[in-house]
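Q: mind folding the following:
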Amino acid sequence: MTRYLHLLVGLSILGWMLVACGAPTSAPPAPPNPVAPTAVQATAPVVPTAPPTPPAIATGQIFPTPTKAAPVSSALTCPPATPVPANVQLAARVNGQGIPLELFNRLAAQAQAAMIQSGLDPKSAVGQESLKNLKLQVLEQLINDVVIAQQAEYQAVRVTDDDVNKRLAEMLQDAGGVEKLNEYLTKNQMTLSDFCAQLRSNLVSEIMFNRITSAFPTVAEQVHVRQILVSTPATAQTLRDRARRGEDFAALAKQYSLDETSKTNGGDLGWVPRGVLDPRLDAVIFDLPVGQVSDVITTNFGYHIVQVIAKDKARPLPPELLQDQRQRAFLEWLKVVRDSVKIERFVQP
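A: As a prediction, this is how the structure comes out:
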């Protein structure tokens, strides 16, 4: 399947699967250059008051098996978005806007089928726990979609049916036609309505992502730095003294550093802005003169000595790092917004 189709639906299912299948019970050891999230200032929007809470809905039923997607016609358009009926059973409600239980069950069943196709044994203990986590992720993703859509509406962001159909036409052209889309829908047990709803949500999220992160700086103060990481303070002090006496820092890093990622490059961590390395390293490297070897720095990963190779007050951020920081900023914004709205859950995945 082609790039656009994978990006549209595959990423959503992948997000659920990563949590359900890949989340360990305890975090593995982090690399020596951990990423520290950067705090983002965000102002919570004014939100309307939600109506009274209805009784919780019992949802102990097993997810239905998704029906086989009906073939899409050659004259392909997405159905228009419709409001949630007032009397429909809900899986959750966000600020008074309901998420239908039927939609949650259907999407959870689709994601569950995808996990089983990938090799998960649903009868095993691991499989049962994975499926439980998967359902939770499906619900939270649906909540996120509504939260973002509401914020878009507050900011007068509109995604029209024409916008959705234009994107669909672009994707079909890239995919190779309606037949390829039909193959994808059949394989993933999706309906055209599901596909178009996710497409609409993605378009809204794209616009909001760009709005929230448009002012994010593309250049930043950065340092080009090497490090040696060891397990004892005595070893670190010895290596610090040897480096200060003139021994080659890169050669010492290759021989002694425990950081497998950088040791083969002489401990070279490349150019780094603030907020990427451990804060205790940041506190040293941005004040350390070029060429000087630091004192021993203690972090959760061990004992470091660092050497700054060069500095730049306004160096362009690498595209992958810029995108990562923009994503962090958007997720922080989303968290702030979620904390400001009323979210009611009527299912217990």
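
Q: test my guess that V204 contacts V159.
A: Yes. Contact status for V204 versus V159: in contact at 5.2 Å, counting by Cβ atoms under 8 Å. (C-beta placed from N, C-alpha, C; glycine too.)

Q: which residues are in contact with each of those two?
A: A152 (Cβ atoms under 8 Å, 6 or more residues apart in numbering).

Q: now do the strand or helix carrying K132: which elements does it pack against?
A: Using DSSP states H and E, K132 maps to helix 125-154. The contact analysis (3 or more Cβ pairs under 8 Å, 6 or more residues apart in numbering; DSSP states H and E) places helix 125-154 against helix 11-22, strand 90-94, strand 97-100, helix 101-117, helix 192-213, helix 319-340.

Q: and it, what's its mean pLDDT?
A: Mean pLDDT, helix 125-154: 93.

Q: could you do stretch 340-349 as well?
A: For stretch 340-349, mean pLDDT is 92.

Q: equivalent analysis for stretch 275-293, please.
A: 95.

Q: from the chain's centroid, how far away is it?
A: Computed by Cα atoms, centre = their mean, to the nearest Å, the chain-centroid distance of stretch 275-293 equals 28 Å.

Q: can you pull the buried residues of that stretch?
A: For stretch 275-293, a neighbour-count test (16 or more other Cβ atoms under 10 Å) marks V276, L277, D278, L281, D282, V284, I285, F286, L288, V293 as buried.

Q: which of these fall in helices?
A: Those of the buried residues of stretch 275-293 mapping onto helices are L281, D282, V284, I285, per DSSP state H.

Q: could these go into JSON lines alongside distance to G96?
A: Formatted as JSON lines, those follow (distance: Cβ to Cβ, whole Å):
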{"residue": "L281", "distance to G96": "46"}
{"residue": "D282", "distance to G96": "43"}
{"residue": "V284", "distance to G96": "50"}
{"residue": "I285", "distance to G96": "49"}
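
Q: how does the chain divide up, domain by domain?
A: 3-215+323-345, 220-316 (automatic domain parsing).

Q: out of the ones you listed, deepest packed?
A: Each of these was scored by mean neighbour count; the highest is domain 220-316, a mean of 17, by mean count of other Cβ atoms under 10 Å.

Q: mind listing what S257 touches?
A: Counting by Cβ under 8 Å, 6+ apart, S257 makes contact with Q227, I228, L229, V230, K263, G267.

Q: list the residues that contact the first one.
A: Under the criterion of Cβ under 8 Å, 6+ apart, the neighbours of Q227 are 32-33, 253, 257, 259, 262, 267, 269, 281, 304-307.

Q: for these, give me a markdown table that also has distance to F209 and secondary structure.
A: As requested, the contacts of Q227 are exported to a markdown table (distance: Cβ to Cβ, whole Å; DSSP: H, G, I helix; E, B strand; the rest coil):
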| residue | distance to F209 | secondary structure |
| --- | --- | --- |
| P32 | 31 | coil |
| N33 | 26 | coil |
| A253 | 38 | helix |
| S257 | 38 | coil |
| D259 | 33 | coil |
| S262 | 32 | helix |
| G267 | 36 | coil |
| L269 | 29 | strand |
| L281 | 30 | helix |
| H304 | 35 | strand |
| I305 | 40 | strand |
| V306 | 35 | strand |
| Q307 | 38 | strand |
